[in-house]
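1. Coordinates for the following, if possible.
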Amino acid sequence: MATILVINGPNLNMLGRREPEIYGSETLDDIIEGLIELADEYNVRLFDFQSNAEHEIVERIHQAMDDGTNYIIINPAAFTHTSVAIRDALATINVPFIEVHLSNVYKREAFRKHSYFSDIADGVIAGLGTKGYQLAFEAAIEKLEA
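-> This is a model prediction of the structure:
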């Protein structure tokens with residue numbers, strides 16, 4: 001059975017309350033519940049993790065080397081633009097990943113246009129709201145089956 005790990009970075013625990021005009025009204029729990037349904041449908045094990053702390057995300061990525069994770073879907077949130085540490089962790093573990101963003105970061109402030117992850121990711125999904133997670137999950141399944 002394949003295992004997909006979904007990692008969410010800082011402030012994503014505030015979805016549904018945080019700037020709904022940008023991030024929508026669904027909560028992180030809503031997103032994860034939808035992914036659990038997909039995981040059941042595809043007979044895939046799903047782990048999820050959210051943290052506001054960079055070092056905890058790095059440690060969870062390291063753990064993926066040993067827990068059977070086959071694929072990662074990550075929304076690094078604000079760490080997208082700042083975290084060499086998370087980039088290095090992802091580059092170290094040899095587990096493919098897709099970078100996801102709820103908003104279209106290319107239509108926002110200039111500093112949001114740079115990602116430390118995009119060039120090492122299998123793909124990037126931005127601006128499709130919570131649907132982006134579903135699309136990333138389906139793409140991960142296709143890549144695992146290939």
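
2. use CA for all of it now, contacts and neighbours both
-> Will do.

3. need the helices for the protein, in chain order.
-> 20-23, 28-42, 54-64, 84-93, 131-145 (DSSP state H).

4. what bits of this protein have low per-residue confidence?
-> For the chain, the stretches with pLDDT under 70 are 107-108, 111-113.

5. how about CSV for the helices of the chain, with distance to A78 and mean neighbour count added?
-> Shown next, in CSV, are those (distance: least, Cα to Cα, whole Å; neighbours: other Cα atoms under 10 Å):
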stretch, distance to A78, mean neighbour count
helix 20-23, 13, 14
helix 28-42, 16, 15
helix 54-64, 10, 17
helix 84-93, 12, 16
helix 131-145, 17, 17
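
6. S103 is nearest to which of the ones you listed?
-> Smallest distance to S103 across these (Cα to Cα): 6.3 Å, for helix 20-23.

7. closest one to S115 among the helices of the chain?
-> Closest approach to S115 among the helices of the chain (Cα to Cα): helix 84-93, 9.6 Å.

8. where's that closest one relative to the chain centroid, distance-wise?
-> Its chain's C-alpha centre and that of helix 84-93 lie 14 Å apart, by Cα atoms, centre = their mean, to the nearest Å.
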